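Engineer: Turn this into a structure:
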Amino acid sequence: MLDYKYSQQRGSVQEAVSAPQPAPNLLAIPSAVIELVPASVPHTHRVIPIASSHELVTLACDQPNDIKLVDKLTFLLNRKILLVFAPRHEIVAALERYYGVWAKGEDDFVECAEKEIAA
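Structural biologist: Residues are numbered from 1 along each chain as shown. As a prediction, this is how the structure comes out:
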């Protein structure tokens, strides 16, 4: 299995071999990191921001090898993205803890997204 990490060039991807990472602590995420990512992004893509340094944002998700997700998040957040693994139930619990229950269905999702865009 291959992990993908960003090279020095913005937006490019390079193949890399990395050691397995320990599961991130989703109970102690700094508020400054949470504020970097609008609520619609984590709720839509089932990710939770856990760290940030310079142009890199580290997000926990249940599919850290999803290159399409990395590309999409890079575009949405205009930062380099590193995905690390966390179980889905922990991500959902963290989303509720840090961002609140945002949308339970498609209609709620559209309504919440419109409110966020208007804010």
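
Engineer: Helix, strand or coil: sort out E96 for me.
Structural biologist: helix (DSSP: H, G, I helix; E, B strand; the rest coil).

Engineer: From A39, how far off is it?
Structural biologist: As judged by CB to CB, to the nearest Å, E96 and A39 stand 11 Å apart. Quick note: C-beta positions are derived from backbone N, CA and C, even for glycine.

Engineer: Show me the shaky parts of this structure.
Structural biologist: 1-23, 102-119 (pLDDT under 70).

Engineer: quick revisit: what about E96 and A39, which has more around it?
Structural biologist: Legend: neighbour count by other CB atoms under 10 Å for E96 and A39, higher for A39 (19 against 12).

Engineer: What residues sit buried inside stretch 43-51?
Structural biologist: 43, 45-50 (16 or more other CB atoms under 10 Å).

Engineer: Revised request: answer the last question for stretch 78-93.
Structural biologist: Buried residues in stretch 78-93, counting neighbours by 16+ other CB under 10 Å, are found at 79-86, 90-91.

Engineer: and these, which of them are in helices?
Structural biologist: Per DSSP state H, helices hold the following members of the buried residues of stretch 78-93: 90-91.

Engineer: you'd agree D71 is in a helix?
Structural biologist: Yes: counting by three-state DSSP, one finds D71 located in a helix.
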